[in-house]
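give me coordinates for this.
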Amino acid sequence: MIEMAGPANRAARPPRLFAALLLLIGAVLAAGGVQLALLGGALYYAIAGAALVVCGILLWRGRRMGAWLFLLILLGTWGWAIWEVGLDGWQLMPRVLLLTVLGLWLLMPWARRGLL
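Numbering: from 1, shown residues only. As a prediction, this is how the structure comes out:
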């Protein structure tokens, strides 16, 4: 039987563009985090960056575990940010905004299609 490459098949593919974005963000965050840690700064950025790389790889492969890992990263980021700066919105925003927006996008049904 011949498979058509129509919208139905496209919807079942893993979220590769999102996964590639997470890989890129994670690699940059991990590299900067290692440099920061070597200077005596927070180790959080290196850990979160490495976790985002793993998350991106899992999502690239179409694994639902990547979405769950992203949730853990997001919750950890919020916890770390509140611990570091308290509830000051202006100081929280640069620490949590990007990952929160990406997390909201990942909640959308079209973003999760294709995950096993």
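
helices or strands next to whichever strand or helix holds A48 in the packing?
Using DSSP states H and E, A48 maps to helix 44-60. On a contact count with 3 or more CB pairs under 8 Å, 6 or more residues apart in numbering; DSSP states H and E, helix 44-60 meets helix 16-38, helix 65-85. For the C-beta atoms, the positions are set from N, CA and C on the backbone; glycine is no exception.

buried set for the first one?
By that I understand helix 16-38. 18-19, 21-23, 25-26, 29-30, 33 (16 or more other CB atoms under 10 Å).

list the contacts of that helix.
42-60, 66, 70, 98, 102, 105-106, 111 (CB atoms under 8 Å, 6 or more residues apart in numbering).

quick one: the helices and strands packed on helix 44-60 as TSV, columns for distance to Q91 and mean pLDDT too.
Shown next, in TSV, are the helices and strands packed on helix 44-60 (distance: least, CB to CB, whole Å; pLDDT from 0 to 100):
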stretch	distance to Q91	mean pLDDT
helix 16-38	17	95
helix 65-85	4	95
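
how much space between Y45 and W60?
22 Å (CB to CB, to the nearest Å).

that older thread, so can I have CSV of the helices and strands packed on helix 44-60 showing distance to L115?
Below are the helices and strands packed on helix 44-60 laid out as CSV (distance: least, CB to CB, whole Å):
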stretch, distance to L115
helix 16-38, 10
helix 65-85, 6
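
to P94, which of those helices lies closest?
helix 65-85 (9.1 Å; CB to CB).

orientation of the closest one relative to helix 16-38 in degrees?
Here the directions of helix 65-85 and helix 16-38 differ by 40 degrees (axes from the mean of the first three to the mean of the last three CA atoms, to 10 degrees).

mind listing residues that contact whichever helix or strand comes after helix 65-85?
Next in sequence after helix 65-85, counting helices and strands by DSSP H and E, comes helix 89-107. Helix 89-107 is contacted by residues 15, 18, 21-22, 25, 67, 70-71, 73-74, 77-78, 80-82, 84-85, 111-112 when judged by CB under 8 Å, 6+ apart.
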